[in-house]
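**Q** Turn this into a model:
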Amino acid sequence: MNERIKQLIEEATRKYDRLGNEIPFAQPDLELLAKLIVEATLDEVKERAYYTGDRDWSDEVDRPWIQLEFGYGPLHDAKTSRG
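**A** Okay, the predicted model is just below:
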(Lines give C-alpha, C1' and ligand atoms only; values in the text may rest on other atoms or scores of the structure.)
Protein backbone atom coordinates (compact mmCIF):
# COMPACT_ATOMS: atom_id res chain seq x y z
CA MET A 1 0.00 0.00 0.00
CA ASN A 2 1.18 3.53 -0.75
CA GLU A 3 2.99 5.14 2.20
CA ARG A 4 0.89 8.33 1.96
CA ILE A 5 -2.33 6.28 2.12
CA LYS A 6 -0.97 4.51 5.21
CA GLN A 7 -0.30 7.88 6.82
CA LEU A 8 -3.84 9.06 6.07
CA ILE A 9 -5.32 5.86 7.51
CA GLU A 10 -3.24 6.34 10.64
CA GLU A 11 -4.44 9.94 10.91
CA ALA A 12 -8.08 8.85 10.49
CA THR A 13 -7.58 6.21 13.18
CA ARG A 14 -6.50 8.62 15.90
CA LYS A 15 -9.27 9.11 18.42
CA TYR A 16 -9.14 11.08 21.63
CA ASP A 17 -11.15 11.06 24.82
CA ARG A 18 -12.60 14.20 26.45
CA LEU A 19 -9.30 14.92 28.18
CA GLY A 20 -7.35 14.78 24.93
CA ASN A 21 -5.74 11.41 25.56
CA GLU A 22 -5.34 9.19 22.51
CA ILE A 23 -7.52 6.07 22.57
CA PRO A 24 -5.50 3.05 21.37
CA PHE A 25 -6.68 0.65 18.66
CA ALA A 26 -9.53 2.84 17.42
CA GLN A 27 -11.12 1.89 14.11
CA PRO A 28 -10.57 4.38 11.27
CA ASP A 29 -13.18 7.10 10.84
CA LEU A 30 -14.08 6.37 7.21
CA GLU A 31 -15.68 9.76 6.61
CA LEU A 32 -12.57 11.50 7.91
CA LEU A 33 -10.36 9.21 5.82
CA ALA A 34 -12.32 10.11 2.68
CA LYS A 35 -11.95 13.83 3.43
CA LEU A 36 -8.23 13.42 4.08
CA ILE A 37 -7.78 11.64 0.74
CA VAL A 38 -9.74 14.33 -1.13
CA GLU A 39 -7.76 17.11 0.57
CA ALA A 40 -4.43 15.40 -0.12
CA THR A 41 -5.42 15.07 -3.77
CA LEU A 42 -6.44 18.71 -3.96
CA ASP A 43 -3.12 19.72 -2.40
CA GLU A 44 -1.28 17.72 -5.06
CA VAL A 45 -3.31 19.37 -7.84
CA LYS A 46 -2.61 22.81 -6.37
CA GLU A 47 1.13 22.11 -6.15
CA ARG A 48 1.31 20.68 -9.67
CA ALA A 49 -0.65 23.62 -11.06
CA TYR A 50 1.73 26.02 -9.33
CA TYR A 51 4.88 24.36 -10.68
CA THR A 52 3.55 23.92 -14.20
CA GLY A 53 2.05 27.39 -14.36
CA ASP A 54 -1.39 25.95 -15.09
CA ARG A 55 -3.76 28.89 -14.80
CA ASP A 56 -6.89 26.77 -15.30
CA TRP A 57 -6.82 25.71 -11.63
CA SER A 58 -7.65 28.26 -8.98
CA ASP A 59 -7.36 26.84 -5.49
CA GLU A 60 -9.56 29.59 -4.05
CA VAL A 61 -12.33 28.97 -6.60
CA ASP A 62 -12.04 25.31 -7.56
CA ARG A 63 -11.24 23.69 -4.18
CA PRO A 64 -14.61 24.64 -2.57
CA TRP A 65 -16.51 23.21 -5.54
CA ILE A 66 -14.68 19.88 -5.28
CA GLN A 67 -15.33 19.81 -1.54
CA LEU A 68 -19.02 20.50 -2.22
CA GLU A 69 -19.11 17.51 -4.57
CA PHE A 70 -17.91 15.33 -1.69
CA GLY A 71 -20.31 16.83 0.86
CA TYR A 72 -18.19 19.12 3.03
CA GLY A 73 -16.47 22.51 3.04
CA PRO A 74 -17.69 26.10 3.01
CA LEU A 75 -20.01 25.81 -0.01
CA HIS A 76 -21.58 22.65 1.40
CA ASP A 77 -22.05 24.35 4.77
CA ALA A 78 -23.66 27.38 3.11
CA LYS A 79 -25.91 25.14 1.02
CA THR A 80 -27.06 23.03 3.97
CA SER A 81 -27.52 25.97 6.35
CA ARG A 82 -30.11 27.50 4.00
CA GLY A 83 -32.14 24.35 4.59
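
**Q** Look through the chain and report the residue furthest from the middle.
**A** Computed with Cα atoms, centre = their mean, the residue of the chain farthest from its C-alpha average is Leu19, at 25.1 Å.

**Q** And it, how close does it get to Leu30?
**A** 25 Å (Cβ to Cβ, to the nearest Å). Using the backbone N, CA and C atoms, a C-beta is placed for each residue, glycine as well.

**Q** can you give me phi and psi for Glu22?
**A** Main-chain dihedrals, Glu22, degrees, to the nearest 10: phi -70, psi 140.

**Q** List the contacts of it.
**A** Contact analysis of Glu22 by Cβ atoms under 8 Å, 6 or more residues apart in numbering lists Arg14, Lys15, Tyr16.

**Q** Apply 7 Å and report the result again.
**A** Contacts for Glu22 were tallied using Cβ atoms under 7 Å, 6 or more residues apart in numbering; they are Arg14, Tyr16.

**Q** Could you check the pLDDT of it?
**A** pLDDT, Glu22: 85.

**Q** Dig out what it forms beta bridges with.
**A** Under DSSP bridges, the beta-bridge partners of Glu22 are Tyr16.

**Q** Can you check which helix is longest in this protein?
**A** helix 30-52 (DSSP state H).

**Q** contacts for the helix or strand that it is followed by?
**A** Sequence order places helix 59-69 as the next helix or strand after helix 30-52, per DSSP states H and E. Contacts with helix 59-69, where a contact means Cβ under 7 Å, 6+ apart, come from Val38, Leu42, Lys46, Gly73, Pro74, Leu75, His76, Lys79.

**Q** mind redoing it with 10 Å?
**A** Helix 59-69 has contacts (Cβ atoms under 10 Å, 6 or more residues apart in numbering) with 35, 38-39, 41-43, 45-47, 49-50, 56-57, 73-79.

**Q** Buried ones among these?
**A** Buried residues within the contacts of helix 59-69, counting neighbours by 16 or more other Cβ atoms under 10 Å: Lys35, Val38, Glu39, Leu42, Val45, Lys46, Ala49, Gly73.
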